[in-house]
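Trainee: Structural data only, the sequence is not supplied:
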């Protein structure tokens, strides 16, 4: 597939990294230095120029591409780029549109301006943070099939019930229907079977219905209730989306930012939130605002380093009672923090965006009805969890799973029946028409449910 | 430095060379000659290449300096292995001479140490010219076209180190597709030339030899008198035109294929190339008029010689050593200009000459208007200071290496013109110089030291200086990271 990416910033580069191996990618950016860097590292074509201009798009041969993704820093340029590309004959165009003022006219833009998809990374990141705050036990939480099935990331702590337990015993002892579908141990990724033994420090990925998950963690004695008071540092766009979502969920929200003008602006937009001008690293201020009594602390300023330090400080001050979430965009820092498990949860805007776009591309590649409905990447982007709907053209519907010869490194992590019943699949279960099925796989190319069998 | 990946790439290149030796082997067998001179090097290449590239290393990233070092080492290794057929067949008794001849072949120079080429075995002659064809477009490009290199990119450094020109780019987003397109154009044009020459009555074998020579802009012939041996105006014109065509930027052919005519028409380098060549042909025609009986003949010889020297091929129809000094001076100047960037030709390249001219004019303008904002544009794009500095630095280094080489070669008891043109012809990958190394002469009278030095110069010219110079940088070879304060010499 031929793909044009306009804007070689963080998201553009991350997309190039993921897409350049299997697609013919052309990267367009005005900054010659950025283009140079990208073509030195990835096997892609680079074009230097304004991506919204007709001449530059012609030069980059955009008219023959299948998909154009506009991720420059400017919403207007992104929209214009997609509009020009659409008129040149590109079928699929994706624009990054971040301004909340445009957010409300997305439907109009899709219809009238011919955008196939618009992504708002800030809003998507805010949603991800909100999900974690709703279920603070997890490091990360993804939902499938309209929230009926959830996938959570959890780190096994020392001397807990999970440490040293075999999975088959675990399922027997707890009598809760959960499934551990992937384990990350010291940089290794394991799709575990029944005789796998958990150890402290393992990062495990569980799927279950939301209520079952709660029950499971309550039995383990590590359950943390939904946050009810949150401190957010950094009055950015993410903060706006996050705070309005949290306020709607009935939480109390305090926002801290150093910049007075930004504080005034966000307080006008969110009258129910308490906005404080101050430094998020200032311990005095934090204790004054009651960090000890707060359930969650979210650091989402523009600086990764500041977010990390602030989060560490907040965790220490609250005596590890407070759920700490930090936004880290740079990959190296992200890996460092998540390997050392310094911070409860980390989110990255770039990674959220890439996930959304990959989901779109995977669905686009598969012309049949059994499209990828949801895609989430887990275990440091090495494993994918995909949701498909079983359609009439699936030849193995109705056959018990034990008789199917599934690919290696692939697992069916959950089935949501048409009536909403959740099945954690065993060998006896079978897929039926209109089921939603969640596939967890180390193969990062899967785009069709029919491909889960070994050839 | 990723030594294992470097070894892997070099191993692949050696395997590719073994593959390429199949063609001369077939010719040898076709003429009923002994295949031994080709079988032994092939076996060695397969063994060495197989050993080096047996297992793909885990870490496949090649950074800029690894890329440069790989290219330089690969070219040296290729030349050493490529010299074996000459040595084993006994056609060239001294190994230093074999190395010189092979480097001259791969770098598309065409300078020879042979006094007589006609008695050589057909297979050996074929291999000698085939090295031009291989070296013209580059072996790494060939390897990239047939074997995808590495999953996580970084291959751009390799391409950049081997492709001539100030800023080689890709035609399409995939490196291997770009390489395939380039080799496709190259192959089709070569075959076209062979067909046209055969149609004019040249024997097929000779047509192949001369087409390889002009395609790679090399210049090895199978006749002692080069193209002049046929004394045929049709051959002169066909070869002359094809040499000019191979001296053009190959990207332009791609633009023609995808019907982007405007880009071809607007190419500044193309026009500069045509104007320089046209002016040189005109001046030489007038200057040598008295030597030939008609304007047509002198125009024909002037055109062929200008085309041959400017594209750094080095075929000859006449002994231009006997021409007036003015004509010879023009030819020597053309050696340095060379062909277009992105072609198979050597020299400084027309693109760089144009940029140097514009940068000089811009600098002069700034002296008159100290506060003027300079805008130096080339091919419709403004050039950054860094880019211009790169071109200037290239030119300075080129001249510095040229001067030092001249000094070292002048230790031989030879006249200044011979020494000067011998170095010029090698570093610019042309082939013939003047006086002793003139179109009818050869390099056999030089000492072993000078031959090796000139071989080095040929590689410097073909790989555009930096990969070869980098081999002398100590940081390339130091495994251990320098401790404590880094001395300036390490940088």
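Mentor: Structure's in. What do you need? All values reported here derive from a predicted model rather than from experimental measurement.

Trainee: Show me which residues of the stretch 151-300 of chain A are close to chain B?
Mentor: By C-beta under 8 Å from any C-beta of the partner chain, no residue of the stretch 151-300 of chain A approaches chain B. C-beta coordinates here come from the backbone N, C-alpha and C atoms, glycine included.

Trainee: pLDDT score for the residue of the stretch 151-300 of chain A at minimum distance from chain B?
Mentor: With C-beta to the nearest C-beta as the measure, residue A:187 is the residue of the stretch 151-300 of chain A nearest to chain B, at 13.4 Å. According to the model's per-residue confidence, residue A:187 sits at a pLDDT of 76.

Trainee: which residues sit against stretch A:95-110?
Mentor: Where contact means C-beta atoms under 8 Å, 6 or more residues apart in numbering or on different chains, the residues beyond stretch A:95-110 that reach it are A:7, A:11, A:69-72, A:75, A:78-79, A:81-82, A:115-123, A:237, A:240-241, A:353.

Trainee: So which bits of it are buried?
Mentor: By 16 or more other C-beta atoms under 10 Å in any protein chain shown, the buried positions in stretch A:95-110 come out as A:95-98, A:102-103, A:109.

Trainee: min pLDDT across these, which one?
Mentor: residue A:103 (72).

Trainee: Quote the end-to-end distance of stretch B:193-205.
Mentor: End-to-end distance for stretch B:193-205: 13 Å, by C-alpha to C-alpha, to the nearest Å.

Trainee: tally of neighbours for the residue in chain A that chain B sits nearest to?
Mentor: Per C-beta to the nearest C-beta, the residue of chain A with the smallest distance to chain B is residue A:45, at 3.7 Å. Residues contacting residue A:45 under the criterion other C-beta atoms under 10 Å in any protein chain shown number 26.

Trainee: What of residue A:357?
Mentor: By the measure other C-beta under 10 Å, the count of residues near residue A:357 is 26.

Trainee: show me the contacts for the residue in the stretch 1-150 of chain B positioned nearest to chain A.
Mentor: When distances are taken as C-beta to the nearest C-beta, the stretch 1-150 of chain B approaches chain A most closely through residue B:64, which lies 7.5 Å from it. For residue B:64, the contact set (C-beta under 8 Å, 6+ apart) comprises A:40, B:157.

Trainee: cool, and the one 5 residues further on?
Mentor: Taking C-beta under 8 Å, 6+ apart as the contact definition, residue B:69 lies against B:1, B:6, B:467, B:470-471, B:476.

Trainee: Can you tell me which of the residues you listed has the largest number of neighbours?
Mentor: Neighbours here are counted as other C-beta under 10 Å. On that basis the top member of the contacts of residue B:69 is residue B:467, with 24 neighbours.

Trainee: quick one, what contacts that residue?
Mentor: If a contact means C-beta under 8 Å, 6+ apart, then residue B:467 has B:68-69, B:71-72, B:75, B:161 as its contacts.

Trainee: quick one: low-confidence ranges for the stretch 1-150 of chain B?
Mentor: Counting by pLDDT under 70, the low-confidence segments of the stretch 1-150 of chain B come to B:147-150.

Trainee: Which residue ranges of it form helices?
Mentor: Under the criterion DSSP state H, counting those that start in this stretch, helices of the stretch 1-150 of chain B are mapped to B:3-20, B:22-30, B:36-52, B:64-89, B:95-106, B:122-137, B:139-146.

Trainee: So which elements touch the shortest one?
Mentor: Translated: helix B:139-146. helix B:3-20, helix B:64-89, helix B:156-162, helix B:175-199 (3 or more C-beta pairs under 8 Å, 6 or more residues apart in numbering or on different chains; DSSP states H and E).

Trainee: in the longest one, what's buried?
Mentor: Taking 16+ other C-beta under 10 Å as the basis for neighbour counts, the residues of helix B:64-89 that come out buried are B:65-79, B:81-89.

Trainee: what angle sits between it and helix B:3-20?
Mentor: Here helix B:64-89 runs at 40 degrees with respect to helix B:3-20, directions being taken by axes from the mean of the first three to the mean of the last three C-alpha atoms, to 10 degrees.

Trainee: Compute the inter-axis angle for helix B:64-89 and helix B:139-146.
Mentor: Relative orientation of helix B:64-89 with respect to helix B:139-146: 100 degrees, computed using the same axes, to 10 degrees.
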